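Enquirer: mind looking at a prediction? Sequence and model below.
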Amino acid sequence: MERKARMANCRTLITGAASPLGAALTQAFVDEGARILATDATDESVEAAMAALGLGDCDEVITRGHDDAALGAWWDLANLIAAFYDQLDVFVHMPRQQADASLPLAIRRLKQALWNAEDAAPGSACVVVVAPGSAAVASDAEAALARDGATIPVHAVEPDASPAAVRRIVDLVVARRRSPSLRVEPVRRGSTARELPPPEERSVGEVVVEALTIYPVKGCRGTSLSEAMITRRGVVGDRLFALVADGQPLDQIKAPQLGGVGVRWEEQSGVLIFEHPEYGRYEHVRRVDGALVPTRYVLDEFEGRDQGDSVAAWLSDVAGRKVRLITSGEAWAQNLPLEQFERLHQQMRDRFYSVSPVSLSNRTSLADLNGRLQSPVPMNRFRMNVVVTGLEPYEEETIGSLSTGDVRLERVTVAERCIIVTTDQETGVRNNSDLLQMLNKFHRRAKGERFGSGLVFGVYLAVSQEGVLRVGDRMAVG
């Protein structure tokens with residue numbers, strides 16, 4: 001009697017198939033009935049996988065994130081995993097070296113895929129990491145997924161091309177694999193999801209400033225102001241400090257609990273005041289003579305000023321990991337080599353904002369969005385500097401400028417949202433909001449315009465005239 005295939009139609013993505021173990025594992029999976037989608041991190045294999053899925057020219061999911069060709073191929077592969085999370089059963093990853101950056105990238109994209117899979121069954125996919133000493137990497141990856149509410153098992157396997165080792169991997173996958181009871185089709189071309197057209201600048205009259213907020217420490221809770229000084233490098237007091245872990249600023253993507261940390265910045269005295277329900281109050285005086293800390297954020301490389309051991313210890317307890325607090329050292333040139341960021345590219349900056357010196361949202365846009373959600377969300381989910389009233393829903397995305405007699409702000413591009421908006425900004429707890437799924441369904445950028453997720457709420461602004469902006473100010477719209 002012919003042996004029954006244990007992995008019949010199991011959709012499997014294997015990287016590193018050119019290695020002896022990769023070849024042996026690929027054959028073993030095929031023998032068990034698996035459907036191999038791709039076998040290496042190259043453009044050709046990714047395109048072949050896309051063709052196997054009937055996706056034509058791949059435009060819907062392939063977005064280049066880096067100039068480096070090798071990392072670009074990994075980015076494409078990770079996008080394939082993310083976009084078809086609900087069609088992928090197993091991802092077997094064999095990095096070329098232990099420090100290969102592709103696994104964290106792939107895991108990040110898997111997490112992003114969950115935003116679009118409202119009812120994806122826990123455990124419907126599993127990840128196997130085959131690399132020397134990969135247990136710690138696999139553990140970190142699984143923990144990161146779990147923090148975002150995903151139950152995707154990540155297994156570590158030492159590289160060994162022996163038949164027994166290959167069989168162990170196959171048995172492991174078979175044991176963990178299960179038929180998902182719920183599937184959600186990913187958004188594809190021709191779906192009902194609304195893609196946003198390119199914006200056209202137009203005048204709509206005037207708006208009223210409803211709220212002003214600064215975030216003295218990147219990732220921590222904001223502070224409301226009645227007035228704020230707006231400069232070309234940002235709002236005074238905004239994103240002056242950042243927590244750094246492993247050489248990069250830490251935000252709520254990796255540490256949502258930072259949202260539960262209250263912060264107040266006293267500009268005159270240079271005192272930073274933290275408040276936390278469990279760890280209490282901590283006051284820190286800004287240091288301008290701290291050691292320089294090499295830091296990287298997206299494509300920017302700069303040096304921050306370390307703020308000392310005491311505040312680092314307090315914040316490490318809050319964050320649950322070792323962190324350092326830094327403020328900016330010398331200003332650096334921002335690296336945003338995309339056409340839509342032309343106004344900001346190579347501009348000097350000394351704050352830790354994500355993209356632009358000022359961000360803005362519209363109260364009526366939130367009202368419209370909340371009318372579509374299962375549970376409404378407050379405006380602070382979006383962590384914007386300026387909130388205005390007086391526009392139709394999403395009309396802020398089409399304006400050219402906003403100005404008072406003292407201040408002029410010019411639209412750069414729309415703000416694309418990430419998983420941070422599902423984090424409660426009072427408690428730091430990430431919930432199961434359908435916010436991102438809803439933005440994906442009705443307010444998503446056209447594929448040729450996206451620089452990130454494509455899920456839009458709010459706008460990024462540049463400053464062409466510095467001055468004081470106050471709550472209640474009327475701003476002319478150009």
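Expert: The structure has been received and is ready for your questions.

Enquirer: the closest residue to residue 345 other than its chain neighbours - how many residues pack around it?
Expert: In space, residue 345 comes closest to residue 336 once its chain neighbours are excluded; the distance is 4.6 Å by Cβ to Cβ, 6 or more residues apart in numbering. C-betas here are computed from N, CA, C, even on glycine. For residue 336, the count of nearby residues is 21 (other Cβ atoms under 10 Å).

Enquirer: check which helix or strand covers residue 336.
Expert: Here residue 336 sits in a region with no helix or strand, counting by DSSP states H and E.

Enquirer: okay, it: pLDDT?
Expert: As predicted, residue 336 sits at a pLDDT of 81.

Enquirer: what of residue 162?
Expert: Model confidence at residue 162, given as pLDDT, is 71.

Enquirer: tally of neighbours for it?
Expert: Residues near residue 162, counting by other Cβ under 10 Å, number 11.

Enquirer: how close does it get to residue 25?
Expert: Residue 162 sits 11 Å away from residue 25, going by Cβ to Cβ, to the nearest Å.

Enquirer: how about residue 373?
Expert: According to Cβ to Cβ, residue 373 and residue 25 sit 44 Å apart.

Enquirer: likewise for residue 227?
Expert: Plainly put, residue 227 is 63 Å away from residue 25 if you go by Cβ to Cβ.

Enquirer: now do residue 363
Expert: Distance check for residue 363 against residue 25: by Cβ to Cβ, it reads 55 Å.

Enquirer: so residue 299 touches residue 332, yeah?
Expert: No - the criterion here is Cβ atoms under 8 Å, and residue 299 misses it with residue 332 at 11.1 Å.

Enquirer: more neighbours: which of those two?
Expert: Higher neighbour count among residue 299 and residue 332: residue 332, with 16 against 11, using other Cβ under 10 Å.

Enquirer: what's opposite the residue lying closest to that one once chain neighbours are set aside in the beta bridge?
Expert: Nearest non-adjacent residue to residue 332, counting by Cβ to Cβ, 6+ apart: residue 302, 4.0 Å away. Beta-bridge partners for residue 302, by DSSP bridges, are residue 295.

Enquirer: residues contacting residue 302?
Expert: Each residue near residue 302 by Cβ atoms under 8 Å, 6 or more residues apart in numbering is listed here: 295, 328, 329, 330, 332.

Enquirer: one step back: what sits against the residue nearest to residue 345?
Expert: By Cβ under 8 Å, 6+ apart, the neighbours of residue 336 are 299, 344, 345, 355.

Enquirer: in PyMOL, how would I select the buried members of the residues you listed?
Expert: Filtering the contacts of residue 336 down to the buried ones (16 or more other Cβ atoms under 10 Å) takes a single PyMOL command:
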select buried, resi 344+355
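
Enquirer: would you turn the contacts of residue 336 into CSV with secondary structure?
Expert: Shown next, in CSV, are those (DSSP: H, G, I helix; E, B strand; the rest coil):
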residue, secondary structure
299, coil
344, coil
345, coil
355, coil
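
Enquirer: out of the contacts of residue 336, which is nearest to residue 431?
Expert: Nearest to residue 431 among these is residue 355, at 25.2 Å by Cβ to Cβ.

Enquirer: low-confidence bits of the stretch 151-300 of the chain, can you list those?
Expert: By pLDDT under 70, the low-scoring segments of the stretch 151-300 of the chain are 151-161, 172-204.

Enquirer: what ranges does the stretch 151-300 of the chain have for its strands?
Expert: With DSSP state E, counting those that start in this stretch applied, the stretch 151-300 of the chain shows strands at 154-157, 195-196, 205-214, 223-225, 227-231, 234-235, 241-245, 248-250, 262-266, 271-276, 280-285, 292-297, 300-306, listed in chain order.

Enquirer: check which residues of the following helix or strand past the last one are buried.
Expert: Note on strand 300-306: by DSSP H and E, the next helix or strand toward the C-terminus is helix 309-319. Using 16+ other Cβ under 10 Å as the burial criterion, the residues of helix 309-319 that qualify are 311, 312, 314, 315, 316, 318, 319.

Enquirer: which strands and helices sit next to the helix or strand following helix 309-319?
Expert: The helix or strand immediately downstream of helix 309-319 is strand 324-328, counting by DSSP H and E. With contacts taken as 3 or more Cβ pairs under 8 Å, 6 or more residues apart in numbering; DSSP states H and E, strand 324-328 sits against strand 241-245, strand 292-297, strand 300-306, helix 309-319.

Enquirer: give me the buried positions along strand 324-328.
Expert: 324, 325, 326, 327, 328.

Enquirer: work out the sheet partners of the next helix or strand after it and label each with its direction, please.
Expert: Next along the chain after strand 324-328, taking DSSP H and E as the criterion, comes strand 332-333. Strand pairing for strand 332-333, determined by DSSP bridges: strand 348-349 (antiparallel).

Enquirer: residues in contact with the partner strand: which ones?
Expert: The contact list for strand 348-349, computed with Cβ under 8 Å, 6+ apart, reads 233, 234, 331, 332, 333, 334, 357.

Enquirer: how about CSV for those, with distance to residue 459 added?
Expert: Output for these, formatted as CSV (distance: Cβ to Cβ, whole Å):
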residue, distance to residue 459
233, 18
234, 15
331, 24
332, 24
333, 23
334, 18
357, 12
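
Enquirer: wait, which of these is closest to residue 7?
Expert: Distance to residue 7 across the contacts of strand 348-349 (Cβ to Cβ) is lowest for residue 334, with 48.2 Å.

Enquirer: quickly list what the residue lying closest to the closest one once chain neighbours are set aside is bridged to.
Expert: Spatial nearest neighbour of residue 334, excluding adjacent residues (Cβ to Cβ, 6+ apart): residue 349 at 4.9 Å. Judged by DSSP bridges, the bridge partners of residue 349 are residue 332.

Enquirer: next one: residue 349 from residue 446, what distance?
Expert: Noted for residue 349: a distance of 28 Å to residue 446, by Cβ to Cβ.

Enquirer: so the two - more neighbours on which side?
Expert: Neighbours were tallied for residue 349 and for residue 446 using other Cβ under 10 Å; the higher tally belongs to residue 349 (20 against 12).

Enquirer: I figured residue 337 hits residue 344, correct?
Expert: No - at 10.5 Å, residue 337 does not count as touching residue 344 under the criterion of Cβ under 8 Å.
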